[in-house]
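**Student:** no letters, just coordinates:
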């Protein structure tokens, strides 16, 4: 059996080469009007100029890799992400996959489920858009009102690609009841619930659904640390509740920060990738979480989730 590796823009990394990994960030994402397709005209040199200091600051703060979470539909430009990564000599993990409606491209609507699986497998095994950068994982999404037919097709295709490669699936899903449906669909398609991340878990106010999804074996991700929407005390309380319930090996922590948005002048306003390591983890430690558990949450867990 092959030794697992973390597949990045700079090649494959072993676990011994890495420490803290941020499992949900963005370097480049187009959140402007869909029809504008601003990402197509973005200049790599400008993105490097804006984003390189933020990546270097993360390195200085003890981060050894980050997961870039931009899929097809919201301006994925892997060659630009690789350029930033290479300029910093900093490994970045990128994804295959497609965002939710209305960001799903026409070709994906037209494609059969098997064709979508084949496309994902090509990016996971051979490389993205003819490059030498392979996707490490699969990113997708679902709306708040439930899975649409195209979102279901994408998830079923992802389940099969994940089963063949071991790649984890991460889904931007706000409502826990929708995650419940996603896990059912995943299992019906032959996928493994333990290779699924509920991205933005904190957005679901019903904590019992956090516990339900964890009990089924999926990963939870608290990825708004340092944001205005949730206090540090909220995260610390809920982390303790999950630790007390025995789910320390299924929890990921990140910011969901960055990023260069090509629909805005100079990429808009960026937020640093340093809050977790510099500010939040000392507070978590002071709340009674020991160093071994913090290492589990920030080093071992991201590795176990994304390496294959």
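**Tutor:** The structure has been received and is ready for your questions. As the structure is a prediction and not an experimental result, all values here were calculated from the model.

**Student:** quick check: pLDDT value at residue 2.
**Tutor:** Residue 2 is assigned a predicted lDDT (pLDDT) of 79.

**Student:** got it, and residue 130?
**Tutor:** For residue 130, pLDDT reads 89.

**Student:** confirm it sits in a helix?
**Tutor:** No - going by DSSP: H, G, I helix; E, B strand; the rest coil, the assignment for residue 130 is coil, not a helix.

**Student:** can you tell me how far it sits from residue 53?
**Tutor:** Distance, residue 130 to residue 53, using C-beta to C-beta, to the nearest Å: 30 Å. C-betas here are computed from N, CA, C, even on glycine.

**Student:** of the two, which one has the most company?
**Tutor:** Set residue 130 next to residue 53 and count neighbours by other C-beta atoms under 10 Å: residue 53 wins out with 13 against 8.

**Student:** surely that one is within a strand?
**Tutor:** No - the assignment for residue 53 by three-state DSSP gives helix, which leaves it out of any strand.

**Student:** buried set for the helix or strand containing residue 182?
**Tutor:** Using DSSP states H and E, residue 182 maps to helix 176-188. Neighbour counts using 16 or more other C-beta atoms under 10 Å place 176, 178, 179, 181, 182, 183, 185, 186 of helix 176-188 among the buried residues.

**Student:** OK, contacts around the first one?
**Tutor:** Residue 176 makes contact with 198, 204, 206, 209, 210, 212, 213, according to C-beta atoms under 8 Å, 6 or more residues apart in numbering.

**Student:** what about the last one, how many residues nearby?
**Tutor:** The burial metric for residue 213, expressed as a neighbour count using other C-beta under 10 Å, is 25.

**Student:** state the distance from it to residue 137.
**Tutor:** Distance from residue 213 to residue 137, by C-beta to C-beta: 18 Å.

**Student:** look up phi and psi at the closest residue to residue 278 other than its chain neighbours.
**Tutor:** Residue nearest to residue 278 in three dimensions, not counting chain neighbours: residue 61, with 5.3 Å by C-beta to C-beta, 6 or more residues apart in numbering. Taking degrees, to the nearest 10, you get phi -90, psi 10 for the backbone angles of residue 61.

**Student:** residues near residue 61, how many?
**Tutor:** That count, for residue 61 with other C-beta under 10 Å as the rule, works out to 16.

**Student:** can I assume it is in contact with residue 280?
**Tutor:** No - checked against C-beta atoms under 8 Å, the pair residue 61 and residue 280 is beyond contact range at 11.3 Å.

**Student:** just the helices in the protein please.
**Tutor:** Counting by DSSP state H, the segments of the chain that form helices are 44-60, 78-88, 106-110, 113-125, 149-165, 176-188, 207-215, 232-244, 275, 281-286, 291-295, 301-306.

**Student:** give me the low-pLDDT residue ranges for this protein?
**Tutor:** Residues of the chain meeting the criterion pLDDT under 70: 1.

**Student:** same thing but at 90, please
**Tutor:** Residues of the chain meeting the criterion pLDDT under 90: 1-2, 130.

**Student:** if I look at residue 24, how far off is residue 291?
**Tutor:** Between residue 24 and residue 291 the computed distance is 23 Å (C-beta to C-beta).

**Student:** more neighbours: which of those two?
**Tutor:** residue 24 (26 against 9).

**Student:** and the more buried one, how far is that from residue 200?
**Tutor:** 8 Å.

**Student:** joint contacts of these two?
**Tutor:** Common contacts of residue 24 and residue 200 (C-beta under 8 Å, 6+ apart): 221, 223, 256.

**Student:** in strands only, show me those residues.
**Tutor:** Under the assignment DSSP state E, the shared contacts of residue 24 and residue 200 contribute residue 221 to strands.

**Student:** can you add neighbour count and distance to residue 73 and give the shared contacts of residue 24 and residue 200 back as a markdown table?
**Tutor:** Putting the shared contacts of residue 24 and residue 200 into a markdown table (neighbours: other C-beta atoms under 10 Å; distance: C-beta to C-beta, whole Å) gives the following:
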| residue | neighbour count | distance to residue 73 |
| --- | --- | --- |
| 221 | 26 | 20 |
| 223 | 27 | 19 |
| 256 | 23 | 17 |
